[in-house]
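[1] please work out how this folds:
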Amino acid sequence: MKGNSTKLVNQATTAVQTAHQRARNDPLRPGYHFVPPAHWMNDPNGPIYYKNAYHLFYQHNPFGPEWGNISWGHALSVDLIHWEHLPIALTPTPDSVDKDGVFSGSTVINDGVPTIIYTGVWPEVQCIARSFDNMFSWRKYENNPVISIPPFKNLSAFRDPFVWKEESDWFMLVGAGIKSTGGTAFLYRSKNLLDWKYLHPLCDGPGKIWECPNFFPLGQKHILIISLEDGVQYALGDYIDHIFYPEKWNLLDLGGVKGFYAPNTMLDPTGRRIMWGWIQGGGSPGYPWQGMLTIPRELSLGAEGILEQRPVKELQALRNKSFTITDVRIKPNGIFKVPDIGSNCLEIIITFESNSLVSYSIELEGVSNYKENFNIFYDAERNQVRIGGLICDLGLNADSPPTIWHIFYDRSVYEIFIDYKRTLTGRFFHDVGNIKNLCVRSMVERLNIKTIQIYKLNPVND
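    The predicted model follows:
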């Protein structure tokens, strides 16, 4: 059977709904980051805006909190905050080209028909599925795969198609690894999403295997995002005659592969390029869930042509009680404390004076002892950030230290936007309980802060 079996989809959806009754009770499960109702998730897939709603798909094991039975989960939102979980979109079909998994891919609208382009395994081949009922259910193309043989032999990967349209032609970028030379992405062209002509590799770059490539215009440039074994990288550059000329490769997020991996993007009706990334890990032992997504981020080019990432403005609707303190002066080796915060779903914005070339720490104090503190240490001399055992080089101008720290803290996950030019995402586990105090400590020299804004955020995950 080559279609998407209704019976299999129903079984998968029921399994997730049953496990949700236990997963929802984990106190370390995020309150406002996207999570499936239960069980395993990894890569975000094929986000798209369709008929006045955002649709988000993701790699999903509906039957357990570990990798396997890889399917496509599906959720819908009108505001990027509150998500309605829909039936599983795609599951592996026995005795077919995707019998071992429905891997990552894209979603597009082709002549009014929502179409998913994904990798079926094993071997890795490119397939499509279509919806004729407004994305509630999906039918796999009866003649899958649409690309069965890669253009090179001796590949270590051939997966994760990213699809876009230029004038009347569709283009597909497939992540790959050539064993003799390294990572790349193969470029294809089609008129109908069914018949594809191979063109050439899009460009050269770092790494052994490129996973989950994303390629799109941003400002006056194009940007290519690739997921590598040691982190997610991007390059800005020029796209000429269907060849990309990258300028410089940079880390997209400083949190490493466990903190941020396999991002996927979409263009919304207002022209915003919105991105989600996968954050690894579960919560308390015994609760059946693993993995979550970052908050949605808007990508743009700043005035200096530097990539910027910002939390989408819709997240402000989560704000509840707030604290604002202005004009804070901290003596050398001093401390400033904001007491009695009493929440574990927080948004914090600290704006330092631009001449504060000083080392300092930002601490969220736990409910009982120092071991529960979440500590961000900025080392001005080395231009580094340290969180626990994680040490990150900011790579910014050391003579112009960061002034804005925009922090999202959500029970066991954090995202930090540093001047909106660097981001740092990861997990932090502590005994269950609310954050008690916010402390800013100056190291050696005087520290001047313009404003501290603290927002308690309303959780939306049930």
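[2] which strands or helices does the helix or strand harbouring Ile350 pack on?
    Element membership for Ile350, per DSSP states H and E: strand 345-352. Judged by 3 or more C-beta pairs under 8 Å, 6 or more residues apart in numbering; DSSP states H and E, strand 345-352 is in contact with strand 359-365, strand 404-410, strand 447-457. For every residue, glycine as well, the C-beta is placed using N, CA and C.
[3] centre of the chain to the last one, how far?
    When distances are taken as C-alpha atoms, centre = their mean, to the nearest Å, strand 447-457 is centred 26 Å away from the chain's centroid.
[4] can you tell me which residues contact Asp268?
    Residues in contact with Asp268 (C-beta atoms under 8 Å, 6 or more residues apart in numbering) are Tyr49, Tyr54, Ile274.
[5] can you do 10 Å?
    By C-beta atoms under 10 Å, 6 or more residues apart in numbering, the residues touching Asp268 are Pro47, Ile48, Tyr49, Tyr54, Leu80, Ile274, Pro296, Glu298, Val312.
[6] where does the stretch 151-300 of the chain dip in pLDDT?
    For the stretch 151-300 of the chain, applying pLDDT under 70 flags no range at all.
[7] for it, just list every one of the strands.
    155-166, 169-178, 182-190, 196-201, 211-218, 221-228, 231-240, 243-251, 261-267, 273-279, 289-290, 292-293, 297-301 (DSSP state E, counting those that start in this stretch).
[8] got those as a markdown table, with mean neighbour count and distance to Ala23 columns?
    Below are those laid out as a markdown table (neighbours: other C-beta atoms under 10 Å; distance: least, C-beta to C-beta, whole Å):
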| stretch | mean neighbour count | distance to Ala23 |
| --- | --- | --- |
| strand 155-166 | 20 | 27 |
| strand 169-178 | 22 | 31 |
| strand 182-190 | 21 | 35 |
| strand 196-201 | 16 | 40 |
| strand 211-218 | 20 | 26 |
| strand 221-228 | 23 | 26 |
| strand 231-240 | 18 | 27 |
| strand 243-251 | 15 | 32 |
| strand 261-267 | 22 | 22 |
| strand 273-279 | 24 | 16 |
| strand 289-290 | 24 | 4 |
| strand 292-293 | 26 | 12 |
| strand 297-301 | 19 | 25 |
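[9] so which of those comes closest to Leu28?
    Among those, the nearest to Leu28 by C-beta to C-beta is strand 289-290 (9.7 Å).
[10] direction included, what does the closest one pair against?
    Strand pairing for strand 289-290, using DSSP bridges, gives strand 39-49 (parallel).
[11] who does the next helix or strand after the strand it pairs with pair up with?
    Next helix or strand after strand 39-49 toward the C-terminus (DSSP H and E): strand 54-61. Within its sheet, and counting by DSSP bridges, strand 54-61 is paired with strand 39-49 (antiparallel), strand 71-77 (antiparallel).
[12] those strands: which one's closest to His430?
    strand 39-49 (23.1 Å).
[13] kindly export that closest one (C-alpha atoms) in PDB.
    C-alpha atoms of strand 39-49 as PDB (Å, rounded to 0.1, in the frame of the first residue of the first chain):
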ATOM      1  CA  HIS A  39       6.600  11.300  23.100                       C
ATOM      2  CA  TRP A  40       9.600  12.000  20.900                       C
ATOM      3  CA  MET A  41      10.100  15.000  18.600                       C
ATOM      4  CA  ASN A  42      13.000  16.300  16.700                       C
ATOM      5  CA  ASP A  43      13.300  18.500  13.500                       C
ATOM      6  CA  PRO A  44      10.700  21.100  12.700                       C
ATOM      7  CA  ASN A  45       9.400  20.400   9.200                       C
ATOM      8  CA  GLY A  46       7.700  22.400   6.500                       C
ATOM      9  CA  PRO A  47       6.200  25.400   8.400                       C
ATOM     10  CA  ILE A  48       3.800  27.300   6.200                       C
ATOM     11  CA  TYR A  49       1.000  29.900   6.400                       C
END
